[in-house]
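Novice: got a structure for you, letters missing:
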């Protein structure tokens, strides 16, 4: 198991965000990216990106663009995309594989922000 420092993992997440084309990044509103070591018990109740072993890699928590109405945003807490460090480190492979999985996880969760369901994200190759 390859272990990353917190700084390395944060850089991998930031690089993944920076790799998203500007036309998509420009549409992100009221959204926060969060890094956590491990998911909490309640995180497993939502839809997220899981490994075959059942580890939760990432989670989008919020109201997708498709579900928002004209009153959304005023006084609303930001939606969050949480990327979990521990589950990524437990994946097979080294640093390069973790960085690639982080990128896929970020894209997967941003797709949910835009309203895509699991089948649509899977069709794009990010499941």
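Specialist: Nice, I can see it. On a predicted model such as this, the values are computed, not experimentally measured, just so you know.
Novice: in this structure, where is pLDDT below threshold?
Specialist: Across the chain, the ranges flagged by pLDDT under 70 are 46-47, 73-76, 126-127.
Novice: residues in contact with the helix ranked longest in it?
Specialist: Using DSSP state H to define each element, the chain has its longest helix at helix 95-113. Residues from elsewhere that reach helix 95-113, judged by C-beta atoms under 8 Å, 6 or more residues apart in numbering: 2, 4, 8-9, 12-13, 15-17, 19-20, 24, 28, 31, 33, 47-49, 57-60, 62, 64-65, 79, 81, 83, 88-89, 91, 120-121, 124, 126-127. For every residue, glycine as well, the C-beta is placed using N, CA and C.
Novice: now stretch 35-55
Specialist: 6, 9-10, 13, 56-61, 82-87, 90-91, 105, 108-109, 112, 118, 127.
Novice: and with 6 Å instead?
Specialist: With contacts defined as C-beta atoms under 6 Å, 6 or more residues apart in numbering, stretch 35-55 is touched by 13, 56-59, 82-87, 105, 108.
Novice: which of those tops the neighbour count?
Specialist: residue 58 (28 neighbours; other C-beta atoms under 10 Å).
Novice: who does the following helix or strand past the longest helix of the chain touch, helix- and strand-wise?
Specialist: Moving toward the C-terminus from helix 95-113, the next helix or strand (DSSP states H and E) is helix 118-123. Using 3 or more C-beta pairs under 6 Å, 6 or more residues apart in numbering; DSSP states H and E as the contact test, no helix or strand touches helix 118-123.
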